[in-house]
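Engineer: Sequence and predicted structure below; questions after.
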Amino acid sequence: MRLFIPAIAALVLAAPAWAQNAPLAAQACLSCHGANGAGQGGVPGLAGRDRAELVALMAAFRANERPATIMGRITRGYSEAEIAASAEYFSRQGR
């Protein structure tokens with residue numbers, strides 16, 4: 001966790017303007033999932049997806065019930081409140 005917070009802070013400081021409105025927890029997602037979570041380079045989009053679906057996906061990644069390369073490790077670094085805030089943000093983004 002000690003390395004996670006500085007890494008997030010570095011992403012926030014380097015983030016383009018479109019990322020500045022995202023909650024801090026969601027900003028880390030943007031580096032892989034693209035601008036506003038629209039998806040990029042084979043990484044699925046998060047924008048416009050149902051909030052409950054996103055929360056369920058994060059829970060499945062966290063419990064290693066859904067296969068992934070890195071999401072299982074990433075989700076274990078988020079609190080329930082951070083997951084909820086990120087899901088809310090991405091559900092409100094246009095596809």
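Structural biologist: Noted; the coordinates are in hand.
Engineer: and residue 63, what does it touch?
Structural biologist: Listed by CB atoms under 8 Å, 6 or more residues apart in numbering, the contact set of residue 63 is empty. Every residue, glycine included, has its C-beta placed from N, CA and C.
Engineer: what's the pLDDT at it?
Structural biologist: pLDDT for residue 63: 95.
Engineer: Pick out the residue closest to the middle of the chain.
Structural biologist: residue 29 (3.4 Å; CA atoms, centre = their mean).
Engineer: So it belongs to a strand, correct?
Structural biologist: No. According to DSSP: H, G, I helix; E, B strand; the rest coil, residue 29 belongs to no strand; its state is helix.
Engineer: what ranges do the helices span in the protein?
Structural biologist: 4-14, 24-33, 51-62, 71-75, 80-91 (DSSP state H).
Engineer: Pick out the shakiest of those, pLDDT-wise.
Structural biologist: When I compare the helices of the chain, helix 4-14 is least confident, with a mean of 57.
Engineer: Can you give me the buried ones in stretch 28-48?
Structural biologist: For stretch 28-48, the neighbour count (16 or more other CB atoms under 10 Å) marks 28-30, 32-34, 36-39, 45-47 as buried.
Engineer: In contact with residue 34, which residues?
Structural biologist: 40, 43, 45.
Engineer: same thing but 10 Å
Structural biologist: Shown in contact with residue 34 (CB atoms under 10 Å, 6 or more residues apart in numbering): 40, 41, 43, 44, 45, 46, 47.
Engineer: number of nearby residues for residue 22?
Structural biologist: Residue 22 is flanked by 21 other residues according to other CB atoms under 10 Å.
Engineer: quick one: the closest residue to it other than its chain neighbours and residue 23, what's the gap?
Structural biologist: Spatial nearest neighbour of residue 22, chain neighbours left out: residue 89 (5.4 Å); criterion: CB to CB, 6 or more residues apart in numbering. Computed as CB to CB, to the nearest Å, the residue 89 to residue 23 distance reads 5 Å.
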